[in-house]
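Engineer: Below are the sequence and a predicted model for it; my questions follow.
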Amino acid sequence: MPDLPWFVYAMLLAPLGLLLVAAIVKTWQVREARNWPQAPGKVVTSVAEVREVRVSDQDREEGYRLEKRNFANVTYEYAVGSRKLRCNRISIGEDLGNSEVAKQLAKYPAGSIVAVYYHPRHPDQAVLERDLPKGLWGCLGICTAIALGIVFGSAFGLNQSYAYLAHRIARPDLAGLVVGLAAFGAVIALMGYGVRRQASIAARWPVVRGTIKLSGIEQYHEASEPGERRGTEMFGKRVTYTYRYQNVSYTNECARVAAGTPSGFEKMLKKLMSRYRDGATVEVRVNPDNPTEATLDANGAARIAWGMWGIAAIFAALAMFVATRG
């Protein structure tokens, strides 16, 4: 095993650790919910709606930005004793938006009778589903094995590659640079392959009509640099589009511009307006398996893939140059 500092492995495995902790917490909550009493309920509202959610953004002073996402608003009524209550939480899991909206609306149509599970000490807290997604732990186990294999396998492979090159190139002290350049190129090439594959899938998605919506001007401050009292004031605008698929309305964001001066913002806005006009009708390709996922330009991802492959080729050429000419 490569002799790397422990914190290197900790940084690489931190995302996996967070996922496992979240899964443990949710499993504990599900076990608690299994003892919740049950009451009959009735769905009174079952519609798709758009909500603005906070998304982490370290480039902003506030540390977050607002993003529009699609949610299934399934509101149901139930009675506990003499109290008539309402709730719109479907499951124990956190709903981050843009997930299973159509499926949830179809499963819980307005007027349907449902079983409601409520917290015995806080009856206003309730859910319709109190089970973890099927195969969650099996999936996490597979992902854990893959992640460990990638992290430790990559570290071992890079270490072996370094040892191999150190004895076969003119400048052994540059072996680490060669391995690093080649590894970056390989990672970018694999990412390009993933983007290209997704683009080929999106090109076969069904097409529906959509409408462009431009937001008002938003003003915010960038995160300040060390020694600054406050970051630069920014002017921004967002472009979203709405569309309907199988009688359900959705909203997605397709562009966002920002500049630090009014004149710079005006230039960027003119360029943006040349491509997107408020109220314009556009063709939207929709993922039939998850209608919240859509695109206005399926070929755009393919162009990005070619660009990534070009960058990967540059890294490969640099690695070859350093290895052969030092």
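Structural biologist: Structure's in. What do you need?

Engineer: For the strand or helix carrying residue 69, buried residues please.
Structural biologist: When secondary structure is defined by DSSP states H and E, residue 69 falls within strand 64-80. Buried residues in strand 64-80, counted by 16 or more other CB atoms under 10 Å: 65, 67-72, 74, 76-78, 80. To be clear about C-beta, it is placed using only N, CA and C from the backbone, and glycine gets the same treatment.

Engineer: which among these gets closest to residue 100?
Structural biologist: Within these, the smallest distance to residue 100 is 7.3 Å, found for residue 72 (CB to CB).

Engineer: who's in contact with that closest one?
Structural biologist: Listed by CB atoms under 8 Å, 6 or more residues apart in numbering, the contact partners of residue 72 are 46-48, 90, 100-102, 104-105.

Engineer: Give me the buried entries from these.
Structural biologist: Judged by 16+ other CB under 10 Å, buried ones among the contacts of residue 72: 46, 48, 90, 101-102, 104-105.

Engineer: Residue 177: neighbouring residues, count only.
Structural biologist: Close neighbours of residue 177, defined as other CB atoms under 10 Å, add up to 15.

Engineer: Using CSV, write out every CA atom in the strand holding residue 69.
Structural biologist: This file holds the C-alpha atoms of strand 64-80, laid out as CSV (Å, rounded to 0.1, in the frame of the first residue of the first chain):
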residue,chain,number,x,y,z
TYR,A,64,-25.8,29.8,-0.7
ARG,A,65,-27.9,30.6,-3.8
LEU,A,66,-31.5,30.0,-4.6
GLU,A,67,-32.4,27.3,-7.2
LYS,A,68,-35.9,26.4,-8.5
ARG,A,69,-36.8,22.7,-8.2
ASN,A,70,-39.9,20.6,-8.8
PHE,A,71,-41.7,19.0,-6.0
ALA,A,72,-44.8,16.8,-5.6
ASN,A,73,-47.2,18.6,-3.2
VAL,A,74,-49.3,15.8,-1.8
THR,A,75,-51.4,17.2,1.1
TYR,A,76,-53.6,14.8,3.1
GLU,A,77,-56.1,15.2,5.9
TYR,A,78,-56.3,12.9,9.0
ALA,A,79,-57.8,13.0,12.4
VAL,A,80,-56.2,12.2,15.8
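
Engineer: Show me how far it is from its chain's centre.
Structural biologist: Centre-to-centre, strand 64-80 and its host chain are 19 Å apart (CA atoms, centre = their mean, to the nearest Å).

Engineer: again, but for stretch 280-294
Structural biologist: 17 Å.

Engineer: ok, now stretch 292-311?
Structural biologist: Stretch 292-311 has its C-alpha centroid displaced from the chain centroid by 16 Å (CA atoms, centre = their mean).

Engineer: likewise stretch 217-225?
Structural biologist: 23 Å.

Engineer: Compute the first-to-last residue distance for it.
Structural biologist: End-to-end distance for stretch 217-225: 24 Å, by CA to CA, to the nearest Å.

Engineer: any idea how far residue 88 is from residue 45?
Structural biologist: Here the criterion is CB to CB, to the nearest Å. By it, residue 45 lies 8 Å from residue 88.

Engineer: Quickly list what's touching both of these two.
Structural biologist: 73-75.

Engineer: For residue 299, state which of those residues is nearest.
Structural biologist: Each of the shared contacts of residue 45 and residue 88 was checked against residue 299 using CB to CB; the closest is residue 73, at 34.3 Å.

Engineer: these two touch, right, the closest one and residue 43?
Structural biologist: No - counting by CB atoms under 8 Å, residue 73 stays clear of residue 43, with 10.6 Å between them.

Engineer: thought residue 284 was touching residue 207?
Structural biologist: Yes - when contacts are counted by CB under 8 Å, residue 284 is listed as touching residue 207 (6.8 Å).

Engineer: Between these two, tell me which one has more neighbours.
Structural biologist: More crowded of residue 284 and residue 207, by other CB under 10 Å: residue 284, with 23 against 12.

Engineer: Confirm that residue 306 sits in a helix.
Structural biologist: Yes - checked against DSSP: H, G, I helix; E, B strand; the rest coil, residue 306 lies within a helix.

Engineer: Could I get the buried residue list for the host helix or strand of residue 242?
Structural biologist: Assigned by DSSP H and E, residue 242 belongs to strand 233-245. Burial within strand 233-245, assessed by neighbour count using 16+ other CB under 10 Å, is assigned to 234-241, 243-245.

Engineer: In JSON lines: the residues you listed, plus distance to residue 182 and pLDDT.
Structural biologist: JSON lines is the format used below for the buried residues of strand 233-245 (distance: CB to CB, whole Å; pLDDT from 0 to 100):
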{"residue": "234", "distance to residue 182": "38", "pLDDT": "86"}
{"residue": "235", "distance to residue 182": "42", "pLDDT": "87"}
{"residue": "236", "distance to residue 182": "39", "pLDDT": "86"}
{"residue": "237", "distance to residue 182": "41", "pLDDT": "86"}
{"residue": "238", "distance to residue 182": "39", "pLDDT": "89"}
{"residue": "239", "distance to residue 182": "39", "pLDDT": "90"}
{"residue": "240", "distance to residue 182": "41", "pLDDT": "92"}
{"residue": "241", "distance to residue 182": "41", "pLDDT": "94"}
{"residue": "243", "distance to residue 182": "43", "pLDDT": "96"}
{"residue": "244", "distance to residue 182": "48", "pLDDT": "94"}
{"residue": "245", "distance to residue 182": "44", "pLDDT": "94"}
